[in-house]
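J.: Provided below for reference: sequence and predicted model.
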Amino acid sequence: MDTAEISYRVADFLKQHPPFNAIDDADLLALAANGRVRFFEPNEYVLWQGEPHKPFVFVIQQGTVSLWDDAGERPELRDVRGTGDLLGTERYDGARSCLYSVRSESDVVIYALAEHDFTERVLTHAQAAKFVEAGARATADYQAGGARRDPQQVFLHEFAPEGPAASCPETASIADVARRLLDDGSRAVTVTSADNVPRGAATVDLLLAWVARGGGDAAQPIGSLAPAPLPVSGPNTTAADGVLIMGAVRTDALAITADGRPDGALQAIVSTEDLAPLFGDHPATLLRAIPHARTLGDLSALVQRSRSLVLTFLTSAASVDWLTRFAHAVDVAVVARILVLAGFERPAGCWCFCASSGRRELATMLTPYVAIVLADGDSADAAGRAYRETMDGLLACGYIARADLPFDAEFLVAGLGEWTGRYMRWIADPVRERSYRARALFDMRPVLGDPGPWRTLEAAVTDAVDRDFVQVLAHDCLASVPPLTFFRDAVVDSVGEQQTTFRLEHSALRPLVDVGRVFGLAGRAAMGRSTLERFDTARTLLPEHDAIFREAADTFRIVLWQQGRIGITQGTRGSELPPALLSRYDRQALKGGFRSIQRLLEFTHDREWLTGL
């Protein structure tokens, strides 16, 4: 067989596997032309730990190899790799020599590609470089190829209409403003003062409400109608943040001022219609529609549309930051609307979310974990009825029931005094009180009603947490450990056992969440905080270990991204999945994350950090 034909066969093989499927054919052929083919029998060493990097990057063409850490008293299995996997890429993460010994487990054929060719013809492609980087460590900006624009990476001003901002003075007549809205085909125009400072928005809804009240003289100034408050942002506000701001105040538009201040010079008005090309089904429109849903059926349709939107934009690990906030806003609005539909317009107590919903980390259709903290004088019976109606309503809207709650509805609806006593017992005697069952309640976040009882409870818990309690929680984090790697369509644990199901929540998400809670409590910033906020607290507490918490945060985003994507697609909570559903890109990102989780657990279990606080 001539050399050219061999190069074509090698190139055809390479482009079936990442990162080479992101490379054009000309570069693949040039890469293959300078490569070599090597064969290993079973139990031969391909690479030795600590030896200098060879001038090649290796691709396994067939067979299986195992990676071993020989630095300790006895070798420890670190990875298993097969067809299409890379070897020798740790150099691109700064490793000065081979990190592990690589041993053939069967007959193995390897393509050895010249390192300088790999650098020039592969790593110059952004998507290929991200894939290689993901194998070395967790990277939150990693995403599969062909993804649409991320709303966190584009700015509102890109979608602002050309020309001067749509505005009118507060002295303009109602008729003139209505005519302006019709002519522009918009739903809002900014009402400004004499010195061009935004005073509010004249919206279609504002004019309709005026007509519904009987209308009057359309020649009177628009300022007499008390224009709706118009949210204001700066020129560097992202599209993701903009829609969340509009959704929070239930408006169709947002003003951009020069400095982001309400009294700043008006630059542009951006409406939901302007953002339609980016979003399609608009987040702010969905959030505005939920409080007006007439039936649970209407509400269910809006919930389904919201999760469809989440899935559409869940294109990378970085996108989970704003999408989980959006999903949280939807869930809070849905609970509020169910209460109104059930006749509880002003329910008693402070309604809180706990667990993933309390941390604002729930992208799937899993039912929010609800608890109620009652103030003195609140009726427990009425609150209990409202709680049960809400849970039934959430199921009717298509949410997935939580099957693993350790406490029943009667427990989760209680007065402030009862809640305070429980937390004090959990903190004082975590072993006999089985505090592990209540870990999710340390994620409690107020979402509806008077937050006063929650604030009192949160202050009492913060004051009561001591080093002994934190130490117990730190030890319990080892109950969940990440797997070692993926091999073919199985997940491999630390002793080499293979399972056909990847327990994403148990072995990847839970250890990150548990460790985050430990450092949140240690830094007196736990309840009402997300896992990412808790990692920020840890970085502040232990700045010399900043890197381990940054990497943990990136890993957390990757795992949450996969849970949301798989869970919404399959209509599950995303806690378990067969590895076959994960692409090679997904597996590469997760494998880097597994190593980050293991390092984080080892650091947390070492009590030296705690004694140093």
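T.: Yep, that arrived.

J.: Identify the residues contacting the closest residue to Pro235 other than its chain neighbours.
T.: In this structure, Pro235 finds its nearest non-sequential neighbour in His157, 5.4 Å apart by C-beta to C-beta, 6 or more residues apart in numbering. Yep, even glycine has a C-beta here, placed from its N, CA and C like the rest. His157 is in contact with 235, 256, 267-268, 270, counting by C-beta atoms under 8 Å, 6 or more residues apart in numbering.

J.: and His157, what pLDDT?
T.: His157 carries a pLDDT value of 76.

J.: Look at Phe159 and say how many residues are nearby.
T.: By other C-beta atoms under 10 Å, 18 other residues sit near Phe159.

J.: Would you mind confirming that it makes contact with Thr272?
T.: No - the criterion here is C-beta atoms under 8 Å, and Phe159 misses it with Thr272 at 10.2 Å.

J.: quick one: common contacting residues for the two?
T.: Going by C-beta under 8 Å, 6+ apart, no residue sits against Phe159 while also sitting against Thr272.

J.: Now do the helices for the stretch 501-613 of the chain: every range, in order, please.
T.: Using DSSP state H, counting those that start in this stretch, the helices of the stretch 501-613 of the chain run over residues 504, 510-522, 531-541, 546-570, 584-605, 608-611.

J.: any chance of those in JSON lines, with distance to Phe13, mean neighbour count and mean pLDDT too?
T.: Output for the helices of the stretch 501-613 of the chain, formatted as JSON lines (distance: least, C-beta to C-beta, whole Å; neighbours: other C-beta atoms under 10 Å; pLDDT from 0 to 100):
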{"stretch": "helix 504", "distance to Phe13": "31", "mean neighbour count": "24", "mean pLDDT": "93"}
{"stretch": "helix 510-522", "distance to Phe13": "36", "mean neighbour count": "25", "mean pLDDT": "96"}
{"stretch": "helix 531-541", "distance to Phe13": "40", "mean neighbour count": "22", "mean pLDDT": "95"}
{"stretch": "helix 546-570", "distance to Phe13": "28", "mean neighbour count": "23", "mean pLDDT": "93"}
{"stretch": "helix 584-605", "distance to Phe13": "14", "mean neighbour count": "21", "mean pLDDT": "89"}
{"stretch": "helix 608-611", "distance to Phe13": "47", "mean neighbour count": "12", "mean pLDDT": "84"}
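
J.: so which of those helices comes closest to Gly223?
T.: Nearest to Gly223, of all the helices of the stretch 501-613 of the chain, is helix 531-541, at 41.1 Å by C-beta to C-beta.

J.: What angle do helix 546-570 and the closest one make with each other?
T.: Orientation check (axes from the mean of the first three to the mean of the last three C-alpha atoms, to 10 degrees): helix 531-541 against helix 546-570 gives 180 degrees.

J.: Please name every helix or strand in contact with helix 531-541.
T.: Secondary-structure packing of helix 531-541 (3 or more C-beta pairs under 8 Å, 6 or more residues apart in numbering; DSSP states H and E): helix 510-522, helix 546-570.

J.: Domain ranges for the chain, per the record?
T.: 3-136, 156-278, 281-458, 465-613 (automatic domain parsing).

J.: how about the nearest residue to Val204, chain neighbours excluded?
T.: Ranked by C-beta to C-beta, 6+ apart and with sequence neighbours excluded, the top spatial neighbour of Val204 is Arg187, at 4.8 Å.

J.: all helices of the stretch 201-350 of the chain, in order?
T.: Using DSSP H, counting those that start in this stretch, helices in the stretch 201-350 of the chain cover 204-212, 239-249, 276-279, 283-289, 296-313, 320-341.

J.: So which residues of the stretch 101-250 of the chain form strands?
T.: In the stretch 101-250 of the chain, the segments counted as strands under DSSP state E, counting those that start in this stretch are 101-104, 108-114, 167-169, 188-192, 198-203, 232-233.

J.: Okay then, goodbye and thanks.
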